[in-house]
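Novice: got a sequence here, can you model it:
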Amino acid sequence: MKIEEVRKRAFAMPLTNPGYPPGPYRFVDREFFTITYRTDPDALRAVVPEPLEVAEPVVKYEFIRMPDSTGFGNYTESGQVIPVRFKGQTGGYVHAMYLDDEAPIAGGREIWGFPKKLASPSLRIEKDTLVGVLAYGSVNVAIATMGYKHHTLDPAPIKAAVEAPAFLLKIMPDVDGKARVCEIVRYYCEDVTIKGAWSGPAALELFQHALAPVAQLPVLEVVSGVHILTDLTLGLGKVVYDYLR
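Specialist: Next up, the predicted model:
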């Protein structure tokens, strides 16, 4: 293979059989179950990297079902998002993500810098209850429940929340093991259509695990539970801060 062909073809690993196709990445019937809870502000400050600033002492714990996504297929995700400020702009810092599909793990980490790890999240309806469970191996580390569609929500503020900026800490090592890339990335969800949004009584339990430490941000009080059905495009990112420059 000639040098120019390598340059032309290279966008992801492996060169001749990339783990995912080029974007854009469109999600149809993407389902969010988000529990917002109050936590220890000192615990938040310990994990949110400067120059991001903690906006308020809350965490959004998410379960996300993605049955139809371009290139990534059908998978489920779970994780924690922390409200932050960056240069006066408010958004969410994606602190942890656990999912069950190799392609979006590779693509999410390599393109944007999503903090993705392999695990076994699930989101399902059990009679009158929406249930989200995150298992790491055979161990449950998060269990969330909500009354199914108790109250219909106004889609306008939900759409604004989905379209708000999000921030990531992207780290990629060099061949000597040191960081070659270490930067804050900002991205947006685009072309968002809210198909439905509901709330209900909600509960969340987090359990200690050495390799899935979601409980390091403890649940002090559940603020709300929201269930959303949407179509959206995951926009590509922009580097807004470079730690190595």
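Novice: run the chain-centre distance for the helix ranked longest in the chain.
Specialist: Longest helix in the chain by number of residues (criterion: DSSP state H): helix 155-163. Remark: helix 155-163 is offset 16 Å from the chain centroid, using C-alpha atoms, centre = their mean, to the nearest Å.
Novice: show me what whatever helix or strand comes next after that helix is packed against.
Specialist: On the C-terminal side of helix 155-163, the closest following helix or strand by DSSP states H and E is strand 166-173. Helices and strands touching strand 166-173, by 3 or more C-beta pairs under 8 Å, 6 or more residues apart in numbering; DSSP states H and E, are strand 73-86, strand 89-99, strand 179-187. The way it works is simple: take the backbone N, C-alpha and C, and place the C-beta from them, glycine included.
Novice: picking up where we left off before, need the contact partners of the longest helix of the chain.
Specialist: With contacts defined as C-beta atoms under 8 Å, 6 or more residues apart in numbering, helix 155-163 is touched by Y188, C189, E190, V192, I194, G196, A197, V226, I228, T230, L232.
Novice: list the contacts of the fourth one.
Specialist: To tie it back to what came earlier, the one meant is V192. So V192 contacts K159, V162, E163, T230, D231, L232 (C-beta under 8 Å, 6+ apart).
Novice: sorry, back to before: between the helices and strands packed on strand 166-173, which gets nearest to V131?
Specialist: strand 73-86 (12.1 Å; C-beta to C-beta).
Novice: strand partners of the closest one, parallel vs antiparallel please.
Specialist: strand 53-54 (antiparallel), strand 58-69 (antiparallel), strand 89-99 (antiparallel) (DSSP bridges).
Novice: if we can go back for a sec, can you redo the helices and strands packed on strand 166-173 as a markdown table with mean pLDDT, mean neighbour count and distance to T34?
Specialist: Output for those, formatted as a markdown table (pLDDT from 0 to 100; neighbours: other C-beta atoms under 10 Å; distance: least, C-beta to C-beta, whole Å):
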| stretch | mean pLDDT | mean neighbour count | distance to T34 |
| --- | --- | --- | --- |
| strand 73-86 | 98 | 21 | 8 |
| strand 89-99 | 98 | 21 | 10 |
| strand 179-187 | 97 | 18 | 18 |
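Novice: between the ones you listed, which one is closest to K116.
Specialist: Checking these against K116 by C-beta to C-beta gives strand 89-99 as the closest, at 4.7 Å.
Novice: residues in contact with that closest one: which ones?
Specialist: So strand 89-99 is in contact with 47-48, 52, 55, 59-60, 75-85, 105, 108, 114-119, 121, 134, 136, 164-169, 186, 212-214, 217, going by C-beta under 8 Å, 6+ apart.
Novice: before we move on, back to that, out of the contacts of V192, which is nearest to Y243?
Specialist: Nearest member of those to Y243, counting by C-beta to C-beta, is E163, at 27.2 Å.
Novice: so who does T70 touch?
Specialist: Contacts of T70 (C-beta under 8 Å, 6+ apart): P21, G23, P24, Y25, R26, F27.
Novice: does the fifth one touch T193 like I think?
Specialist: No: under the contact definition of C-beta atoms under 8 Å, R26 does not touch T193, with a separation of 11.0 Å.
Novice: out of these two, which sits in the busier spot?
Specialist: When R26 and T193 are compared for neighbours, R26 comes out ahead with 16 against 12, by other C-beta atoms under 10 Å.
Novice: what's the average pLDDT for stretch 24-36?
Specialist: Averaged across stretch 24-36, the pLDDT comes to 97.
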